[in-house]
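Trainee: how does the following fold in three dimensions:
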Amino acid sequence: MPSVTPDAAPLLADLMPWSVAPPRLGRRWPTAPDAASLKARWDTLVRTEGVDRETLFRPTRARTTHSSVAQLPGQSSGTGRLARASDPCPDPVRVLNAPFDEQWLIPDHRLIDAARPELWRVAGQEQVFVVEQASGPEACGPVLLAASVLPLSAGRGGRVRPLYRRPGGREPNLAPGLLEYLDTRLGHSPAPVDVLAWTMAVARHTRDGCAVPLTSDPEVWSYGVGLGRRMLWLMRRDGERPKLPGGRRPYVRAPLTALPHGPRPSADHLLTDPYYDRPEETLHLGDGRISPVPPEAWDFEVGGVRVLEQWFAARTGAPEPGTLEAIGPAGWPQTWTSELLELITVLALLAELRPQQAELELRSPITRTELRTAGVLPVPDTARRPASVLDHHEEGPEGQFALI
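Mentor: Below is the predicted model of the structure:
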C-alpha cells in the first residue's frame, strides 16, 4: 500500500482511543491449558495451612494471602482473605494466555496482581479485544491480534483496546464522529465491527506508532472489510470451525505420546520438542505425527516466536516440583489434540491472507489532516478514559459492597 505516507495515515491510538494495559497475574499457576488442573491446584492451596499456603501461593508486593481486594466484575469468587479461605474453586474462564493460545484462568481477584477490572466490566459475547503487537527488528506476523476472550499477555503486545466501551456491544471505542464522517465519504454508515475489520486488514507499524490508512473509495473499503472480517473470524474462533480443503487438512497419523499416569512428570518423561519435517509437511511430537502441516502454519510467528512451538511448550514444560504449577494432567488430553489441529488450520488460513493484504491498493486516502479539519481529531480526553458502566453494586473486600 504505497499510495499514502505513514505520516498521512491516522493512528490506531486516535481511532480507538480507549486502551488498557493487559492484566498482569504475578504468578503462573492460576492459568492452565485445562480447567481440571486449576481446580486441583486450588484444592491443594486451600487444604494447605499457614506459612506453607503462603509459599504455595507465591506472594508478590501486590498480592499475598492476606491481601484485601474486591470481587472481579461479573465473577462470583470470594472476597475474604485468602489466608483463611476454604471455599470451592471459582469456575475457570477462558482467556488468551499467548498469541493464538486460549487457556483457562481462575477468575479470582485475590490471585491477580493487576486484574484491570475495567476490562472485565466490558467483557461479553459482543466484545472484541484488540492487542497491538510490538514493532522492531524481530516484529513479524500480524500487526494486531483480536480475541473474544480477555487477553492476558498476547506476545510482545501493547495495550488492550476493546471494540466497545460498555457491556452488550454499546458505545463503540472509536473516535467520536468517525462513523458519521465515514458515512459522508463512503456513502453508507459502517458498523463498528466494519471499522475494526478494516483496521485489522490494513494496520501497519510506523515510526509514530500503529497507523491505520483510511479510504473514501467504497469498493476498496468493501474489499478491505471483507478481508478483515475473515481475519477476525479466524482469530476469534467463534462460530463455525475453520477447515482447510480436503487434501490439505491436518490429521493425526500416529497418536501423540501420552504422559505417564500419576504426578506431573519430570522433563525427561515429557513429550520431546516438536520437530517439523518440511519436505514431508509432517509435525513430529514424540512418537506422534500430524500431517499435512503447511509450512506457512509451522513458520507462523508473532514477535519472533513460532506460535506452534510456544503453544506446545506451554503444555509440556517442566515446572518446579512441589509447586502448584506442577499439578497437571496425568496424560495428554484429547481436547489438546483437537485444539492443535484447529490451530494449525487457523494459522495456515491466516497466512493465505497475507498476499491479499499486501496487494490491497489504497485509493482516495483519508488523512490525519482531513480528520482534523472535520473535527474528528483530536479526540477528547474523555474518549481515552473508561466509560462509567457501574449499573449494579460490586462486592468489595470482605463481602462489603463497593461504593459506586
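Trainee: C-alpha from now on. contacts and neighbour counts both.
Mentor: OK.
Trainee: okay, helices next: where are they in this protein?
Mentor: All helices of the chain, identified by DSSP state H, fall at 12-15, 35-47, 50-57, 117-122, 178-186, 192-202, 218-236, 295-298, 307-316, 334-359, 368-373.
Trainee: please parse this protein into its domains.
Mentor: Split into domains by automatic domain parsing, the chain comes to 6-242+361-399, 246-353.
Trainee: model confidence over the last one, on average?
Mentor: In this case it means domain 246-353. Confidence over domain 246-353 (mean pLDDT, whole number) is 86.
Trainee: and it, how far out from the chain's middle?
Mentor: The chain centroid and the centroid of domain 246-353 are separated by 19 Å under CA atoms, centre = their mean, to the nearest Å.
Trainee: in JSON lines, list the domains of the chain along with mean neighbour count.
Mentor: Listed next are the domains of the chain as JSON lines, based on neighbours: other CA atoms under 10 Å:
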{"stretch": "domain 6-242+361-399", "mean neighbour count": "19"}
{"stretch": "domain 246-353", "mean neighbour count": "17"}
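Trainee: what's the least confident stretch among those?
Mentor: domain 246-353 (a mean of 86).
Trainee: gap between the two ends of it?
Mentor: End-to-end span of domain 246-353 (CA to CA, to the nearest Å): 19 Å.
Trainee: then stretch 90-109?
Mentor: OK, stretch 90-109 end separation, CA to CA: 11 Å.
Trainee: related to what we said a few turns ago, between the helices of the chain, which gets nearest to L72?
Mentor: helix 117-122 (6.3 Å; CA to CA).
Trainee: mind checking which of the helices of the chain is nearest D87?
Mentor: Short answer: helix 35-47, nearest of those by CA to CA, at 7.9 Å.
Trainee: please state the offset of the closest one from the chain centre?
Mentor: A distance of 24 Å separates the centroid of the chain from that of helix 35-47, by CA atoms, centre = their mean.
Trainee: show the contacting residues for V130.
Mentor: Contacts here follow CA atoms under 8 Å, 6 or more residues apart in numbering; on that basis V130 touches L144, L145, A146, A147, V160, R161, P162, L163.
Trainee: now with 7 Å?
Mentor: L144, L145, A146, A147, V160, R161, P162 (CA atoms under 7 Å, 6 or more residues apart in numbering).
Trainee: is it true that L25 touches I112?
Mentor: Yes - the pair L25 and I112 passes the contact test of CA atoms under 7 Å, sitting 4.5 Å apart.
Trainee: out of the contacts of V130, who's nearest D273?
Mentor: Nearest to D273 among these, with distances taken as CA to CA, is L145, at 26.0 Å.
Trainee: partner residues bridging the closest residue to that closest one other than its chain neighbours?
Mentor: The shortest distance from L145 to any residue other than its chain neighbours is 5.2 Å, reached at V131 (CA to CA, 6 or more residues apart in numbering). Under DSSP bridges, the beta-bridge partners of V131 are L145, V160.
Trainee: look up how far R161 lies from V131.
Mentor: V131 is 6 Å from R161, by CA to CA.
Trainee: what do you get for M200?
Mentor: Counting by CA to CA, the gap from M200 to R161 is 13 Å.
Trainee: what's the answer for G317, then?
Mentor: 31 Å.
Trainee: then E49?
Mentor: Counting by CA to CA - E49 and R161 are separated by 41 Å.
Trainee: equivalent analysis for C210, please.
Mentor: Distance of C210 to R161, computed by CA to CA: 13 Å.
Trainee: kindly report the same for A387.
Mentor: 13 Å.
Trainee: closest one of the contacts of V130 to P92?
Mentor: When the contacts of V130 are ranked by distance to P92 (CA to CA), A147 comes first, at 17.5 Å.
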